[in-house]
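Engineer: turn this into a structure:
(chains A and B)
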Amino acid sequence: MRDLNPPTSRRDALKCLAYGGAGTVFVLSGGVLTPFSLAEAASREAAGGVPLFVQLSDTHIGFTKEANPDVGATLRLAIERVNALAEQPAFVLHTGDITHLSKAAEFDAAAELLKGLRATELHTVPGEHDVADATVSEYFQRFGAASANKGYYSFDHQGVHLIGLINVLSFKAGGLGALGAEQLKWLEADLKGRSASTPIVVFAHMPLWTIYEPWGWGTADADQALALLKRFGSVSVLNGHIHQIVQKVEGNVTFHTARSTAFPQPSAGQGAGPGPLKVPPGDLPAALGVSTMSVKRHPLALSLADSTLA
Amino acid sequence: MRILKPWSAALLFTVAAALLSMTAARAGAPPAAAADAAVTVRLEHFMFAPGTITVPVGASVHWQNLDGEPHTVVSLEGLFRSGALDQGDSYAFTFKTAGTYRYVCSIHPQMVGTIIVTAP
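Structural biologist: The predicted structure follows:
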């Protein structure tokens, strides 16, 4: 992994993000969505704005197998990249699988690493790897306060309404994650009376659309949540779980899954199951990464950029 | 011990499951002394093998994870719940009542298994 050369300006930071990633920036403004290349984005004011948050996902602290024997080192690298942004994000979102086995020692190690972030505000949702302890208590002991131990909650930042959902507990046998009736009812109440021009960011661990059902890459009752979001002009749905970028746009809703900071996974249906994908060590940093959501004023617009750790 | 407050009618993991799971034999436990009725289910290639087994009342079922990925064994009726089983870890549960018990891996819920417990 190469040394980090901290960018000297925001423009350089954006370039760094842009050229490091193999992705697309979406600019959302009042429901009008414009995708353009990251390289182009770096030179366009439209991709600017202030970093609102960085999305980290699938850090899998505790994983030690050959796909990445040192997931702490790659998380540290990701944190260095975030810290090097000339303008720091207001907060960091972690979209789950903080740990690999829900062990207390893994959560503690993750917390220690995440303390290295210059941005001190951290919001999380759990992945199924975080609630795999027999008592389903380790995650909630540490992160339950934000949601009164329910796992779902919302908050506002700079005019953007952010909603964290949990879809890793109430799953359907044979496949997909699920939100459950109580959470959907809460979501309806949370959105009620909110202006349709409020940009909405929904974050949850498992994809809120079905990417590949045989591997459980989806959420069975996500459609009910999306129906509630339909009237909003700008909705970003950010997920993790699949350790690779998959995105789609449907109406005013942009769906996006983030890379892991630990290890990649095969694309849908390639191989026996959704396990860690071993790549040549030199290729690993390019398979890992973070996503950055920036916000711009006048008009209020969000843009999302992916960057790798290469 | 803190228990997740039930937040959904569909929540499958009950307080009872959590309590029961604590009484179940944990990783590394030797096979049941009464080996006459011990059965092993392998967790391999993202499947339970065999997927369905029939055992008599009183039998202990041992699950062993052979995959590089961690798995769990979670009863859909809330009867038992293992913690995360890393490669090589095992979990056991003794069935005291006849019935049909479906279970999944909570990390990969596409993995589904069934234990049929028959009365003597």
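Engineer: can the helix or strand hosting A:Ala109 be found next to chain B?
Structural biologist: Under the assignment given by DSSP states H and E, the secondary-structure element containing A:Ala109 is helix A:104-114. No: between helix A:104-114 and chain B, judged by CB under 8 Å from any CB of the partner chain, nothing touches; the nearest distance is 9.8 Å. From N, CA and C alone the C-beta is placed, and that goes for glycine too.
Engineer: same question for that helix, mean pLDDT?
Structural biologist: For helix A:104-114, the mean per-residue pLDDT is 98.
Engineer: neighbouring strands for the helix or strand just after that helix, and are they parallel or not?
Structural biologist: Taking DSSP H and E as the definition, the helix or strand that follows helix A:104-114 towards the C-terminus is strand A:122-124. Taking DSSP bridges as the criterion, strand A:122-124 sits next to strand A:91-94 (parallel) in its sheet.
Engineer: if we can go back for a sec, what about the helix holding A:Ala109, distance to the chain center?
Structural biologist: Here helix A:104-114 shows a centroid-to-chain-centroid distance of 19 Å under the convention CA atoms, centre = their mean, to the nearest Å.
Engineer: counting contacts, what elements does that helix pack onto?
Structural biologist: Here helix A:104-114 touches helix A:71-83, helix A:138-143, going by 3 or more CB pairs under 8 Å, 6 or more residues apart in numbering or on different chains; DSSP states H and E.
Engineer: what would these look like in a markdown table with mean neighbour count, distance to A:Ala105 and mean pLDDT?
Structural biologist: As requested, the helices and strands packed on helix A:104-114 are arranged in a markdown table below (neighbours: other CB atoms under 10 Å in any protein chain shown; distance: least, CB to CB, whole Å; pLDDT from 0 to 100):
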| stretch | mean neighbour count | distance to A:Ala105 | mean pLDDT |
| --- | --- | --- | --- |
| helix A:71-83 | 21 | 12 | 97 |
| helix A:138-143 | 21 | 10 | 98 |
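Engineer: if we can go back for a sec, in the helix holding A:Ala109, what counts as buried?
Structural biologist: In terms of neighbour count (16 or more other CB atoms under 10 Å in any protein chain shown), helix A:104-114 has its buried residues at A:Glu106, A:Phe107, A:Ala109, A:Ala110, A:Leu113, A:Leu114.
Engineer: what's the most distant pair in the residues you listed?
Structural biologist: For those, the maximum inter-member distance is 12.4 Å, found between A:Glu106 and A:Leu114 (CB to CB).
Engineer: now A:Arg194: which helix or strand?
Structural biologist: If you go by DSSP H and E, A:Arg194 is not part of any helix or strand.
Engineer: can you count the residues close to it?
Structural biologist: Residues lying near A:Arg194 (other CB atoms under 10 Å in any protein chain shown) number 14.
Engineer: ok, it - contacts?
Structural biologist: A:His161, A:Phe232 (CB atoms under 8 Å, 6 or more residues apart in numbering or on different chains).
Engineer: now do the same for it: its pLDDT.
Structural biologist: Model confidence at A:Arg194, expressed as pLDDT, equals 97.
Engineer: show me the contacts for the closest residue in space to A:Glu213 that isn't next to it in sequence.
Structural biologist: In space, and not counting its chain neighbours, A:Glu213 is closest to A:Gly175: 5.7 Å by CB to CB, 6 or more residues apart in numbering or on different chains. In this structure, A:Gly175 makes contact with A:Glu213, A:Pro214, A:Gly216, A:Gly218, A:Ala220, B:Pro109, B:Gln110, judged by CB under 8 Å, 6+ apart.
Engineer: do you know how far A:Gly175 is from A:Trp217?
Structural biologist: If you measure A:Gly175 against A:Trp217 using CB to CB, to the nearest Å, the figure is 9 Å.
Engineer: now the helices for chain A?
Structural biologist: Listed in chain order, the helices of chain A (DSSP state H) span A:10-20, A:38-42, A:71-83, A:104-114, A:138-143, A:181-191, A:222-229, A:284-287.
Engineer: what's the angle from the longest one to helix A:104-114?
Structural biologist: Between the axis of helix A:71-83 and that of helix A:104-114 there is an angle of 30 degrees, by axes from the mean of the first three to the mean of the last three CA atoms, to 10 degrees.
Engineer: for residue 53, the count of nearby residues, please.
Structural biologist: Assuming you mean chain A. Residues near A:Phe53, counting by other CB under 10 Å: 26.
Engineer: try chain B instead
Structural biologist: 17.
Engineer: which SS state does it fall under?
Structural biologist: Here B:Ile53 is strand, with the state taken from DSSP: H, G, I helix; E, B strand; the rest coil.
Engineer: can you map out the strands along chain A?
Structural biologist: Taking DSSP state E to define them, one finds strands in chain A at A:24-29, A:32-37, A:50-56, A:91-94, A:122-124, A:153-157, A:160-164, A:200-203, A:235-239, A:247-250, A:253-257, A:289-296, A:301-308.
Engineer: pLDDT weak spots in chain B?
Structural biologist: Low-confidence regions of chain B, defined by pLDDT under 70, span residues B:1-37.
Engineer: where exactly do the strands run in it?
Structural biologist: Listed in chain order, the strands of chain B (DSSP E) span residues B:38-44, B:47-49, B:52-56, B:60-65, B:74-75, B:90-94, B:99-104, B:112-118.
Engineer: buried set for the second one?
Structural biologist: Pointing back at strand B:47-49 there. Within strand B:47-49, the residues that qualify as buried are B:Met47, B:Phe48, counting by 16+ other CB under 10 Å.
Engineer: residues contacting the closest residue to B:Phe48 other than its chain neighbours?
Structural biologist: Sequence neighbours aside, B:Gly113 is the residue nearest to B:Phe48 in space, at 3.6 Å (criterion: CB to CB, 6+ apart). For B:Gly113, the contacting residues are B:Val41, B:Phe48, B:Gly51, B:Thr52, B:Val73, B:Arg102, B:Tyr103, B:Val104, by CB under 8 Å, 6+ apart.
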